[in-house]
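Asker: Structural data only, the sequence is not supplied:
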């Protein structure tokens, strides 16, 4: 235990870049304020960008000396991980990259008197895109055996947790992602990015890690037929950047495809978009879609994860079959051709985001869950 009145929470992340689960973690840390102190460990020690958004005055220790989250799950290594958890009041693990820590907790919880652990699962990497890996499924079943909770944001992941991972109904908690809908409803300044939006320009935009699973070259191809005044703006960073630029070059539209990098505060820039688009091979409950909805944008995206259920009913009819590039391109063209359609769908999305996905509901659910696990209030 932390030994004082402020609970000390350990966060074990696969990475702490500025993407969905990391931004949600920062949201919660900031919401808890001085009622908790935090230690954050990333399996990729050089990916800590999300920490820049943690509010001043919150007690946070970033990437201290801690056993590596990567390596073979040998007993000695797992025992070291378990011992390192002991000083804390609550352990929070995130995604497959922290699953060894969950396994260590299950194996040594009783012997070492470890604090409760709650695991968070937000989706799958490329290796489990088409089919869950049997070895990982079995490992998760065992590793989560003594978890106090398993949090998922989507209906699809809830089903996987209950059926494939065979987790008890009482352990699985589906908590939809939420955002500060008022902040995302503010008008963005034309110079909010290094890239300036010129008069007469229209932007198809996306917020995404530049990863293979996001299939952003597909978005470049779907966008290509749009009129010259339309620009494609992709905000994010990752290993697929060169492939995206190469596709733009191949199609001769590199002057209309822009990759300004990641942004620390999406609420300041998302309002510059006229259409929000995704082209992912896999998603669960993407935070960026809710952010775009709160900004009053129409959504063009494939029906992966919970996207079709997340957007407003009028927008749902434009969500395309997974992998159907031509359909995605048709949707972009339909939206680009009609300002009234964009406005109608955007307003319906904004209304739904404010009613169902405001961060207050999400924060309250997490506060209850974490407090219950620790048996002390946050």
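Answerer: Received the coordinates, thanks. No experiment lies behind these values; they were computed from the predicted model shown.
Asker: Need the nearest residue in space to residue 68, chain neighbours excluded.
Answerer: Nearest residue to residue 68, sequence neighbours excluded (Cβ to Cβ, 6 or more residues apart in numbering): residue 43, at 7.5 Å. In short, each C-beta sits where N, CA and C put it, glycine included.
Asker: surely that neighbour meets residue 99?
Answerer: No - assessed by Cβ atoms under 8 Å, residue 43 is found out of contact with residue 99, at 10.2 Å.
Asker: hey, what's in contact with both of these two?
Answerer: Common neighbours of residue 43 and residue 99 are not found (criterion: Cβ atoms under 8 Å, 6 or more residues apart in numbering).
Asker: in which helix or strand would I find residue 330?
Answerer: Under the criterion of DSSP states H and E, residue 330 resides in helix 325-336.
Asker: what's the distance between the residue nearest to residue 68 and residue 82?
Answerer: As defined by Cβ to Cβ, to the nearest Å, residue 43 lies at a distance of 17 Å from residue 82.
Asker: now do residue 267
Answerer: Using Cβ to Cβ, residue 267 is found at 39 Å from residue 82.
Asker: Show me the domain layout of the protein.
Answerer: By the assignment in automatic domain parsing, the chain contains the domains 8-178+359-374, 181-356.
Asker: Format these as TSV; extra columns: mean pLDDT and mean neighbour count.
Answerer: Below are the domains of the chain laid out as TSV (pLDDT from 0 to 100; neighbours: other Cβ atoms under 10 Å):
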stretch	mean pLDDT	mean neighbour count
domain 8-178+359-374	94	18
domain 181-356	92	19
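Asker: Mind jotting down where the helices sit in the chain?
Answerer: 20-32, 75-85, 99-112, 134-143, 155-159, 181-184, 216-223, 241-251, 287-294, 307-310, 313-316, 325-336, 339-356, 359-374 (DSSP state H).
Asker: Next up, the contacts around residue 137.
Answerer: By Cβ under 8 Å, 6+ apart, the contact list for residue 137 reads 164, 165.
Asker: gap between it and residue 148?
Answerer: When distance is defined by Cβ to Cβ, residue 137 is 21 Å away from residue 148.
Asker: do the same with residue 72
Answerer: Distance, residue 72 to residue 148, using Cβ to Cβ: 26 Å.
Asker: ok, back up a step: now the phi/psi pair for the residue nearest to residue 68, please.
Answerer: phi -70, psi -20 (degrees, to the nearest 10).
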